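*Asks:* task: produce atomic coordinates for the following.
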Amino acid sequence: MQKSLHVEGMTCEHCVNRVKKIIGKFAGVSDIQVSLEKKEAAFSCDPAQTDVSGIIQAINEFGYTAAEK
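*Replies:* Okay, here's the model as predicted:
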C-alpha cells in the first residue's frame with residue numbers, strides 16, 4: 001500500500017535524510033521518498049506489519065510535524 005505524509009519543519013537535506021531514516025526503521029516499509037520542496041514523505045508499506053500512526057508519532061517526536069495526506 002502506498003502512503004503519503006505531509007511533513008512540516010524540514011529545512012535541509014539533513015532533515016530529509018533523518019525523516020527517511022525514521023521511516024525506514026519500521027517493518028514492512030520500502031520505497032521511501034522524501035521531498036523537502038513538497039514537504040512530503042511517500043513510501044510503500046505492508047499494513048499487516050506497519051502502523052502509519054506509529055510512523056507519524058516517531059517523526060513528530062524528532063521535532064517535525066507529520067500528518068497523513
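
*Asks:* who does the helix ranked longest in the chain touch, helix- and strand-wise?
*Replies:* In the chain, assigned by DSSP state H, the helix with the most residues is helix 13-24. The criterion is 3 or more CB pairs under 8 Å, 6 or more residues apart in numbering; DSSP states H and E, and the helices and strands that helix 13-24 contacts are strand 29-35, strand 40-45, helix 52-61. Every C-beta, even on glycine, is put in place using the N, C-alpha and C of the backbone.

*Asks:* quick check: buried residues in the longest one?
*Replies:* Buried positions in helix 52-61, judged by neighbour count with 16 or more other CB atoms under 10 Å: 52, 55, 56, 58, 59.

*Asks:* which of the residues you listed scores worst on pLDDT?
*Replies:* Minimum pLDDT across these is recorded for residue 52, with 95.

*Asks:* related to what we said a few turns ago, which residues sit against the longest helix of the chain?
*Replies:* Residues outside helix 13-24 that contact it (CB atoms under 8 Å, 6 or more residues apart in numbering): 7, 9-10, 29, 32, 34-36, 41, 43, 55, 58-59, 62, 64.

*Asks:* average model confidence for that helix?
*Replies:* For helix 13-24, the per-residue pLDDT averages 98.

*Asks:* list the buried ones in that helix?
*Replies:* For helix 13-24, by 16+ other CB under 10 Å, it's 15, 16, 18, 19, 22, 23.

*Asks:* quick check: the third one vs residue 65, distance?
*Replies:* By that I understand residue 18. 14 Å (CB to CB, to the nearest Å).

*Asks:* the first one now?
*Replies:* Counting by CB to CB, the gap from residue 15 to residue 65 is 12 Å.

*Asks:* who touches both of these two?
*Replies:* Going by CB under 8 Å, 6+ apart, residues that sit against residue 15 and also against residue 65 are residue 9.
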